[in-house]
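Chemist: coords below, sequence missing:
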Ligand code: DGJ
């Protein structure tokens, strides 16, 4: 119900594509076949007039990894789904864009592993679609970024490998493509204490040696980076497992930083828990922005839902208004 109010709010702010017959991110966000959309930790690629939504497929029984000092709930890694839409209202299921593998515990894509926060960008030089994602073991000790490619936006994507950029840990991540076509990997590193931003190679398939440390010792995750009027805005969450917490944003003149930290962009009731959600992506649409977030159901991850809200930037100030 709360989410439905958010849809109406979004509509009032002229992002009317979020308000069609309930076909918007709420508890009953359905694809054009009437099935629940299964795309968590998602990102969106806009290519040739179509939006492509990529996200984690969470399906199956949730279990708690024993002997962890934090709430390490897991569900089988189901690979990465893809949905397409022309209008951000109707989403067509395009299938599994990156399939998991079964019974190969040493394989990065095994269902017993972690495949999270997939993000896809298009490389106009190689004409390849490049997917980056967080790859991990069930205790999150592996801490790597995985990369896959396809010559079609919907896939299937061919998994290449996982890396530790410059030997650094990489957990929650995102990818940002600038107007000059340089692309960056942003990831929680150094045991989640500090984030890093790393310039990708021209083909987007490898990290380069150019990287920076940002939000040092701030323990941030769930990065979502976007650009507005020449400045770079990075929204992150605190690290509290699957439980929601207050978001924070930071602003820079360059994707690599330095970033100046500001407070919580969320305003109104529920702002201190990001309206019970966690950032995953900021989608730019015709000069407006949609803040995309996950509402995790930690003891039944398959039942996790979504929250999309309008995001505004005025005089460097980011605001996400709740319900
Ligand atoms: C919070 C992260 O943002 C999620 O992507 C996931 O890794 C969970 N932590 C695991 O607890």
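Modeler: Thanks, I have the structure now. Owing to the predicted nature of the structure, the values given are computational and were not obtained by experimental measurement.

Chemist: around the ligand, pick out the residues from the stretch 201-323 of the chain.
Modeler: 221-222, 241-242, 278 (CB under 6 Å from any ligand atom). (Glycine included, C-beta is placed from N, CA and C.)

Chemist: swap the cut-off to 5 Å and go again
Modeler: 221-222, 241-242 (CB under 5 Å from any ligand atom).

Chemist: ChimeraX command for the buried members of these?
Modeler: Filtering these down to the buried ones (16 or more other CB atoms under 10 Å) takes a single ChimeraX command:
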select :221,222,242
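
Chemist: can I get the residues of the stretch 201-323 of the chain next to the ligand in JSON lines including secondary structure and distance to residue 48?
Modeler: Below are those laid out as JSON lines (DSSP: H, G, I helix; E, B strand; the rest coil; distance: CB to CB, whole Å):
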{"residue": "221", "secondary structure": "strand", "distance to residue 48": "32"}
{"residue": "222", "secondary structure": "strand", "distance to residue 48": "29"}
{"residue": "241", "secondary structure": "coil", "distance to residue 48": "38"}
{"residue": "242", "secondary structure": "coil", "distance to residue 48": "36"}
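
Chemist: which of the residues of the stretch 201-323 of the chain next to the ligand sits closest to residue 84?
Modeler: residue 222 (24.6 Å; CB to CB).

Chemist: residues touching that closest one, list them.
Modeler: Applying CB atoms under 8 Å, 6 or more residues apart in numbering to residue 222 gives the contacts 117, 172, 236-237, 278-280.

Chemist: buried only: go through those for me.
Modeler: Of the contacts of residue 222, these count as buried by 16+ other CB under 10 Å: 117, 172, 236-237, 278-280.

Chemist: if I look at residue 187, how far off is residue 131?
Modeler: 15 Å (CB to CB, to the nearest Å).

Chemist: just residue 217 next, same as before
Modeler: The value you get for residue 217 to residue 131, if CB to CB is used, is 30 Å.

Chemist: for residue 85, same thing?
Modeler: The gap separating residue 85 from residue 131 is 18 Å, by CB to CB.

Chemist: neighbour count for these two, which is higher?
Modeler: The residue with more neighbours, out of residue 85 and residue 131, is residue 131; 28 against 18, by other CB atoms under 10 Å.

Chemist: quick check: next helix or strand after the helix or strand harbouring the more buried one?
Modeler: Counting by DSSP states H and E, the element that carries residue 131 is strand 128-136. Scanning forward in sequence from strand 128-136 by DSSP H and E, the next helix or strand is strand 144-150.
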